[in-house]
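Asks: below: sequence and its predicted model.
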Amino acid sequence: MDKNVMALATRPAALVCLSSALGLAESWSGALVDSRCWDSEENNTRATSIYVDRDRNLEIGLCSPKAKTTSFTIVLPDGLSLKLDAAGNARAAELVQKTGKKPSISVAITGETSRNTIKVESISMAR
């Protein structure tokens, strides 16, 4: 095989390896909630009603994080939810303490997902 052809053939593979090694950050916006409360609401709703009967805004309000909340979940506009990793939980706790008690806290998060958890790179109030 010609050296030029070989070099062209290996470039895409090298690019894929490099991009996966660097990791590709994603972004999400949604409501920040207390993970324990949210999990409890999710379990209760699955057992008692069908999906269309849910009042997601009520559930978000019920699970609004408090000053002592230590584990957080972001609820996306489509209803899906993702938990935050340990570093993200610490950053979210700082954010909640700065903003005080609110009926709901909208945040923007960047990071990488692994299964149902975000490895948080940054978190801020959504605009």
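Replies: Yes, it's here.
Asks: which pLDDT value goes with the spatially most central residue of the chain?
Replies: For the chain, the residue nearest the mean C-alpha position is L82 (4.3 Å; Cα atoms, centre = their mean). Reported pLDDT at L82 in the predicted model: 97.
Asks: that one belongs to a strand?
Replies: Yes. With DSSP: H, G, I helix; E, B strand; the rest coil as the criterion, L82 is part of a strand.
Asks: contacting residues around it?
Replies: Contact partners of L82, counting by Cβ atoms under 8 Å, 6 or more residues apart in numbering, are W28, T73, I74, L76, T113, N116, T117, I118. For glycine as for every other residue, the C-beta is placed from the backbone atoms N, C-alpha and C.
Asks: now, of the residues you listed, which are buried?
Replies: W28, T73, I74, T117, I118 (16 or more other Cβ atoms under 10 Å).
Asks: which elements pack onto the host helix or strand of S29?
Replies: Element membership for S29, per DSSP states H and E: strand 26-34. Secondary-structure packing of strand 26-34 (3 or more Cβ pairs under 8 Å, 6 or more residues apart in numbering; DSSP states H and E): strand 72-75, helix 86-99, strand 105-114.
Asks: with mean pLDDT and distance to L32 added, can I get these in TSV?
Replies: Below are the helices and strands packed on strand 26-34 laid out as TSV (pLDDT from 0 to 100; distance: least, Cβ to Cβ, whole Å):
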stretch	mean pLDDT	distance to L32
strand 72-75	97	6
helix 86-99	95	6
strand 105-114	96	4
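Asks: most packed of the ones you listed?
Replies: strand 72-75 (a mean of 26; mean count of other Cβ atoms under 10 Å).
Asks: now do E42 against F72, distance only.
Replies: 15 Å (Cβ to Cβ, to the nearest Å).
Asks: kindly report the same for K98.
Replies: K98 is 14 Å from F72, by Cβ to Cβ.
Asks: on that earlier part again, show me the two of the contacts of L82 that sit farthest apart.
Replies: L76 and T117 (14.0 Å; Cβ to Cβ).
Asks: thinking again about what came up before, pLDDT of the strand holding S29, averaged?
Replies: Computed over strand 26-34, the average pLDDT equals 96.
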